[in-house]
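In: Sequence first, predicted coordinates after that:
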Amino acid sequence: MSSPSQDSLRRGPSTNTPTTNSSALNGGSTTKSSTGLIPTNTVTTMDGLTVRARIEPTLAVDDVIRQLCMNLKIKDPPGMFALRDDTDELVTNDNLRKKIKAKANLKLVNAPTLEAAEIVSRLSAKDARLGLTLTSLRKYIKEEQFANEFLKRDGLKELISVISFSQGNTLAYALTAMQNLMELDHGWADLPDSFILKIVSILSSEQSLINVCRPATAILKKLVEADPVSAPGPHIASSSKAPPSPPPGSVFRYGFEVVYQQMRKEKRMLEIVVSRLGSADTTMALYSMMLINSLMAHATDERWEEFHQQLQRLNVHKAVIRLMSSHTIEDLTSCILDYQANVVRATYRRKTTLVEPDVEPSHKAALDYIWERSKLFPELEADGGLIKWRKIGFDTEDITQEFGEVGVLGLQCLQAFVSRDPDYFAKVVQEQLSRPEERRCPIAKASNEVVDLLSEHWAIFGPGYSTSTTFQPFFLNFEKVHGLATQFFLRMWNESGASKGDFSRVVALVRSQVKEALRKENVRPWHEVEREFLESEYRAVRARQMKELELEDDVMSKVPIRNLKAKLYKESFEFVRQQRIHCLMQGAWFMNAIPMASNIPRDTIRKPTRPWRFMRLDTGGKYLHYVDSAIQIPVRNGIEDLPERIDVSAISEVAVGTCAAFPSAMRDAPDVGVSPTIPMQASPLSFALLTASGALLAAQIASDKDRWADWTDGLNMLRRDGGHVSSQETEFFVQALTDIGLKIRLLDLTGEMAEIPSGLVPGPPPTNNDFYFADLG
């Protein structure tokens, strides 16, 4: 770095405005300093002096500061100073090159060491300047250098102390500072239970201010997600069911269990959080939704049932459905789709959990309730066997086997069907028993079959395999839809005069009606669904089904084929996931964008000097490396040409369709999905990467729909919880691969006209150990 000239050190007027020619900084004529070199930046000292200096991008920041102090004859040690830009962002070795290219106006200020010492001292004093101190802290704490010094000086203890006694805006500032500190992956490994309880207490109070609840909700979400299982790096295999022990100093030592223990001390905490889903403050609703999603995704096996029963009792589904129908939920779309994906996982878990009344008291209680409402009495067969569950429509008395395909989900749906109108259930059961055995409708078996049909319709094939890109309010009303479809099953049985051998035929009718009634789920009102199930006539349903059979092979409805389809669906999803992530590793060019929610005045927005960004995921999947450029330049393989990076683990949400191109940039690239005549219209090809606190990591616009789908879904699929699919392209791709794979698998069977059974009955076990497994290889 060259020495600034004496003329450039001259004091300006009383306003401290420099008198040097700054046209070079604004892209005008290239005014040279007395050394003959072109200045790259201006630097303002703490005394108000402004100098023009040329900074070499190859230097370390410490070297730049040392040379500045030497040239400006500053007597204090260089270690006491740091550089910041106009926005107070700290200049580091990572962003120095960017600041030089942008010709940023820099300031020589106190080093983070001094700032941290002063702020910790003010926090300890808790004087009248506490509000201003917290304002500075919540800004500086995002910087790792400052945060490290702050933590070394026991600043976290002082901050927790402030949180414990503060109220109002002061508490809001302190919580925001804590929220920003927790964006780091270190420094908060020893938070006491009393602090977690304080956060829970804040969220449990209806009187808590919105600006207090927002950071408190984000903090609790961060604690839930900081469980040992989510810690980065390899996990050592263990036969223990306990979570792995975090290494010393790791912040991944909290998790659902730690937070839930404190939540149980505040009985109304979850109820209040759910009520905030209806808040007029969109950010508050967003944070509440994200907290509920995190709790659902990280619930431990020990507390899973208890927690989900709480959610069911609080009718969270209804609150989310209300958000779906709201007209101001653009920012909530991603969270609602995440919630749907979490419900799919919970539904799949229930479906694959065995019904064991001898082991689980809740299973026994549900079965007792169903039996009592049937108003029937068990009977003895001639051989002494008991006839009980066969009376309400099961094939055997083995309850675990009867619910084998639908698990606890089937039991809960049957219980809900009975509880909706117990007298109707008792009447139908007794009516069926009054008929000849051949003509009876097996009600319980029909209920389980409806659960299976609905699971197939909503693709509940496994955890983490949700591809829905639209809202599914009917899915969130699973038990209600099940009740309507079961009633429809009974009506079709009666109107068609069916007998025991016609069970599969009636199932086919119900499958056709499910597909018809639940079509266009994201736009149809609920009353139309009710009408489809309650008022559709048998003849009309049968006629439509016959038309469908002309286009479909009946073999597709066989249970083994449906199971095969579920398996292929998972394989297709995983294939598409790997393809999307491969696209991220190849890299692509995007246009830089501005979030629509930005508070920057529209008339001040100008085209950036580097409007293009090339992004690429590293081979480890940990970082998105990128470079900004004025034009699209050739980029070599690897990450050598990509100096900047984004930590993938910091990406909490991929918000789509929320960014607009810079007004002047659209004239240069008219294919970004918006009209150049409407400058601030959100591009449908845009996406924003956000942290858990809502901080913006990147705002981009893709060049076409395929690239947008590759990246938005690829980034979502990288998330620990699997995220959700954003694009219809990916959804259709998975479905198409599944259908093609199924047809190929069926060629061997249907080509030979092989008969596919509806099910397989296992043979008896061997009577002794005198056998061995043949080697068929």
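Out: Perfect, I can see it now. Just so it is clear, the structure is predicted and the values come from calculations on it, not from any experiment.

In: Walking through the chain, point out its strands one by one.
Out: 41-44, 50-53, 81-85, 105-110, 379-380, 386-387, 588-595, 612-617, 623-629, 644-647, 653-656, 659-661, 686-690, 696-701 (DSSP state E).

In: what about the last one, distance to the chain center?
Out: In terms of C-alpha atoms, centre = their mean, to the nearest Å, the centre of strand 696-701 is found 17 Å from the chain centre.

In: Now do that strand: everything it contacts.
Out: Residues outside strand 696-701 that contact it (C-beta atoms under 8 Å, 6 or more residues apart in numbering): 590-595, 613, 615, 624, 626, 646, 650-651, 659, 661, 672-673, 683, 685-691, 711. (C-beta placed from N, C-alpha, C; glycine too.)

In: Likewise for the longest one?
Out: The set of residues that contact strand 588-595 without belonging to it, under C-beta under 8 Å, 6+ apart, is 600, 605, 608, 610-616, 628, 632, 658-662, 665, 669, 672, 683, 686, 688, 696, 699-703, 707, 710-711.

In: Please list only the buried members of those.
Out: Burial by neighbour count, judged by 16 or more other C-beta atoms under 10 Å, picks out 605, 608, 611-616, 628, 658-662, 665, 672, 683, 686, 688, 699-703, 710-711 from those.

In: still on that earlier bit, single out the most deeply packed of the strands of the chain.
Out: Mean neighbour count (mean count of other C-beta atoms under 10 Å) peaks for strand 659-661 among the strands of the chain, with a mean of 27.

In: quick one: strands adjacent to that one?
Out: If you go by DSSP bridges, strand 659-661 pairs up with strand 588-595 (antiparallel).

In: Restricting to C-alpha, output the partner strand in PDB.
Out: Coordinates of the C-alpha atoms in strand 588-595 are reproduced here as PDB (Å, rounded to 0.1, in the frame of the first residue of the first chain):
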ATOM      1  CA  ALA A 588     -24.300 -22.500 -12.500                       C
ATOM      2  CA  TRP A 589     -24.600 -18.700 -13.200                       C
ATOM      3  CA  PHE A 590     -27.400 -16.700 -11.500                       C
ATOM      4  CA  MET A 591     -28.400 -13.100 -11.600                       C
ATOM      5  CA  ASN A 592     -28.100 -11.300  -8.200                       C
ATOM      6  CA  ALA A 593     -31.400 -10.100  -6.900                       C
ATOM      7  CA  ILE A 594     -33.000  -8.000  -4.200                       C
ATOM      8  CA  PRO A 595     -35.600  -9.500  -1.800                       C
END
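
In: Could you pull up the mean pLDDT of that strand?
Out: The pLDDT scores in strand 588-595 average 90.

In: what's the offset of that strand from the middle of its chain?
Out: Using C-alpha atoms, centre = their mean, the offset of strand 588-595 from its chain centre is 22 Å.

In: what angle separates that strand from strand 686-690?
Out: 80 degrees (axes from the mean of the first three to the mean of the last three C-alpha atoms, to 10 degrees).

In: Residue 332 versus residue 51, what's the distance?
Out: For residue 51, the distance to residue 332 (C-beta to C-beta, to the nearest Å) stands at 49 Å.

In: got it, and residue 143?
Out: 31 Å.

In: likewise residue 125?
Out: 41 Å.

In: Those two: who's more crowded?
Out: Legend: neighbour count by other C-beta atoms under 10 Å for residue 125 and residue 332, higher for residue 332 (22 against 12).

In: Which residues are in contact with the more buried one?
Out: Here residue 332 is in contact with 282, 285-286, 289, 323 (C-beta under 8 Å, 6+ apart).

In: next one: residue 485
Out: Neighbour list for residue 485: 450, 453-454, 510, 513-514, 533 [criterion: C-beta under 8 Å, 6+ apart].

In: Let me see the contact set for the residue nearest to residue 518 when sequence neighbours are not counted.
Out: Once flanking residues are discounted, residue 518 sits nearest to residue 474: 5.6 Å by C-beta to C-beta, 6 or more residues apart in numbering. Residues in contact with residue 474 (C-beta under 8 Å, 6+ apart) are 481, 518, 521, 526, 529.

In: quick revisit: for the strands of the chain, which one sits closest to residue 293?
Out: Closest to residue 293 of these, according to C-beta to C-beta: strand 653-656, at 10.0 Å.

In: and the closest one, average pLDDT?
Out: Mean predicted confidence for strand 653-656 is 83.

In: hmm, back to that, just give me the closest of the contacts of residue 474 to residue 579.
Out: Nearest member of the contacts of residue 474 to residue 579, counting by C-beta to C-beta, is residue 521, at 27.3 Å.

In: Surely the closest one is in contact with residue 469?
Out: No - between residue 521 and residue 469 there is no contact under C-beta atoms under 8 Å: 11.8 Å.

In: So between those two, which is more surrounded?
Out: residue 469 (20 against 17).

In: For the more buried one, give me the pLDDT.
Out: For residue 469, pLDDT reads 74.

In: and the gap between it and residue 333?
Out: For residue 469, the distance to residue 333 (C-beta to C-beta) stands at 10 Å.

In: Residue 59 too?
Out: 46 Å.

In: Now the residue of the chain most remote from its centre. Its backbone dihedrals?
Out: Most distant residue from the mean C-alpha position of the chain: residue 382, 58.2 Å away (C-alpha atoms, centre = their mean). Backbone torsions of residue 382, given as degrees, to the nearest 10, read phi -60, psi -30.
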